[in-house]
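Asker: Output the structure for:
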Amino acid sequence: MRRRLLTGGRPRPPRLELRLARAATRERPLSRLVRQVTGWVVVATGIVLIVMPVVPGFFLLPVGVALVGRRQWLVRWTRTSVKLGLRVAETWPGWLGRIGRRARAAEKRIAKVLRDRRLGARSRPIC
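Answerer: Model (predicted):
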């Protein structure tokens with residue numbers, strides 16, 4: 001009776017077919033893979049150029065992240081870690097706390113601009 005409820009009366013597919021079906025949905029087109037690799041190379045080059053005193057590499061970081069994509073797990077993890085770090089930094093006493101509060105305020109402004117650009121300036125969440 002339970003099989004009938006789960007599968008609609010059809011027999012369950014063998015495990016090998018399930019694995020092959022999942023693998024087929026996970027395949028990425030070659031262009032996406034090339035874009036990811038290119039993006040990570042650009043990000044790494046930007047980080048190396050930040051350390052070098054001659055060439056500024058700050059402009060390469062946003063380009064690399066745009067190539068990789070915002071939804072990539074490492075980009076999301078980094079953004080979340082930076083936000084949590086700024087929350088902690090704004091509670092520090094003294095001049096470090098002032099720097100942390102200014103950095104958090106700047107991060108909030110940038111997040112609002114990006115959100116408004118993506119969703120529209122008048123769209124607000126329904127509470």
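Asker: Roughly how far does residue 79 sit from residue 111?
Answerer: 9 Å (Cβ to Cβ, to the nearest Å). C-betas here are computed from N, CA, C, even on glycine.
Asker: Now for residue 109, how many residues are close by?
Answerer: Close neighbours of residue 109, defined as other Cβ atoms under 10 Å, add up to 10.
Asker: any idea which element it lies in?
Answerer: Taking DSSP states H and E as the criterion, the element that holds residue 109 is helix 94-119.
Asker: Quick one: mean pLDDT over that helix.
Answerer: The pLDDT scores in helix 94-119 average 88.
Asker: what comes up buried for it?
Answerer: Neighbour-count burial for helix 94-119 flags 100, 104 (criterion: 16 or more other Cβ atoms under 10 Å).
Asker: before we move on, what about stretch 66-81?
Answerer: Residues of stretch 66-81 classed as buried by neighbour count (16+ other Cβ under 10 Å): 67-68, 75.
Asker: same deal with stretch 56-65?
Answerer: Of all the residues in stretch 56-65, those buried under the rule 16+ other Cβ under 10 Å are 57, 60-61, 64-65.
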